[in-house]
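J.: sharing a model that was predicted from the sequence below.
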Amino acid sequence: MLQAQDIHFCIRSMPIINKASISLAPGELTVILGPNGAGKSTLFKVLAGEIPCKYGKVVYNGFPISGFSAKNLALVRAVMPQHSSLSFPFKALEVVELGLLASGNSYRPDLVEEVMEETQTLHLKEKLYGDLSGGEKQRVQLARVLTQIWDKKPFSRYLLLDEPTSSMDIALQHHVLRIIHKIKKRNIGVLAILHDLNLAANYADKIILLKKGSIIHQGPVNEVMTSAQLEQVFEHPIQVFSGSDKNPMIIQSIPFIQNHLEIKLA
Ligand SMILES: Nc1ncnc2c1ncn2[C@@H]1O[C@H](COP(=O)(O)OP(=O)(O)OP(=O)(O)O)[C@@H](O)[C@H]1O
């Protein structure tokens, strides 16, 4: 289990995260949703151990994050940040191989090829990372973190993804969420920040709604993604059509123009 208790984080005495507590179970996808500036990436960085937290604690598999060396932390969690820049002219293949390095594995071209196949990046392997499109870069970064945790291990691990599909087309977004669905079955807990409410509703096991640094609601999708609660967090009219075995859940944000017409027709 990845657990965070009472995380409180300030920048220049401005509270950014306010007493946030979460539990991420292996085998589950938890999605963090919230408006711009809510504190999602900040909370994510605290959970990943990228920024230290003065108040509260982050615990991986029962051990405080502060006790992990960078090498050991890389064995239990892989992190895909929102933006990744590289200062060297790496090829896509070399970026993916960085995941292998973090995993402590010896050279495994078979594993790298399998992951690049899965993420539809194999055809990009000889291209310079800097020349790739936004969506291609994201897939290469995803391949890197998947490479880090691809081999099964006898302990629980965690995959942290900050807006992993933000530059991808619709088909690829679903493809990535399908990969996540498969990888979590390897005793891996996945935490993802998404802005797409429909992807979250249909692929997540749990949802965290964050607003102004505070967790407003968290729990199973059906309990958290209600019209009233989403409207409270996003301050915009939102309709929720609950799904069934055969039909996906549909979350619809209401365009202003439609409200405008309804007001005029009323
Ligand atoms: N280094 C920093 N210095 C000052 N303010 C910061 C810093 N990092 C984050 N913030 C502020 O903290 C707040 C939360 O930022 P954060 O990036 O966590 O939000 P977010 O929910 O991920 O937003 P978005 O959806 O736009 O990516 C914002 O108001 C941001 O301006």
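T.: Now that the structure is in, tell me what you want to look at. Note that the structure is a prediction, hence the values are computed from the model and not measured.
J.: Arg139 contacts Leu122, correct?
T.: No: look at Arg139 against Leu122 with Cβ atoms under 8 Å: they stay out of range, at 10.4 Å. All C-beta spots, glycine's among them, are computed from the backbone N, C-alpha and C.
J.: between those two, which is the more surrounded one?
T.: Using other Cβ atoms under 10 Å as the criterion, Arg139 and Leu122 rank with Arg139 on top: 27 against 17.
J.: roughly how far does the more buried one sit from Gln82?
T.: 15 Å (Cβ to Cβ, to the nearest Å).
J.: just Gly134 next, same as before
T.: Taking Cβ to Cβ, one finds Gly134 at 12 Å from Gln82.
J.: neighbour count for these two, which is higher?
T.: Legend: neighbour count by other Cβ under 10 Å for Gly134 and Gln82, higher for Gln82 (15 against 9).
J.: number of residues surrounding the residue nearest to that one when sequence neighbours are not counted?
T.: Of all residues not flanking Gln82 in the chain, Asp162 sits nearest, at 4.2 Å (Cβ to Cβ, 6 or more residues apart in numbering). Asp162 has 21 neighbouring residues, counting by other Cβ under 10 Å.
J.: what is the burial count for the closest residue to Lys152 other than its chain neighbours?
T.: Computed as Cβ to Cβ, 6+ apart, the closest residue to Lys152 that is not its neighbour in sequence is Arg186, at 5.5 Å. By the criterion of other Cβ under 10 Å, Arg186 has 16 neighbours.
J.: separation between Arg186 and the ligand?
T.: 27 Å (Cβ to the nearest ligand atom, to the nearest Å).
J.: ok, that residue - contacts?
T.: Shown in contact with Arg186 (Cβ atoms under 8 Å, 6 or more residues apart in numbering): Ile149, Lys152, Arg157.
J.: ok, Leu111 next?
T.: Leu100, Asn105, Thr147, Trp150, Asp151.
J.: how about 10 Å then?
T.: Listed by Cβ atoms under 10 Å, 6 or more residues apart in numbering, the contact set of Leu111 reads Val96, Glu97, Gly99, Leu100, Ser103, Asn105, Leu146, Thr147, Trp150, Asp151.
J.: isn't Pro154 right up against Asn187?
T.: Yes: here Pro154 reaches Asn187: they are 8.6 Å apart, a contact under Cβ atoms under 10 Å.
J.: between the two, which one's more packed in?
T.: Each of Pro154 and Asn187 has its neighbours counted (other Cβ under 10 Å); Asn187 has more, 14 against 5.
J.: enumerate every residue touching that one.
T.: Applying Cβ under 10 Å, 6+ apart, we find Asn187 in contact with Pro26, Gly27, Lys152, Lys153, Pro154, Phe155, Ser156, Arg157.
J.: helix or strand for the fourth one, which one?
T.: When elements are assigned from DSSP states H and E, Lys153 belongs to no helix and no strand.
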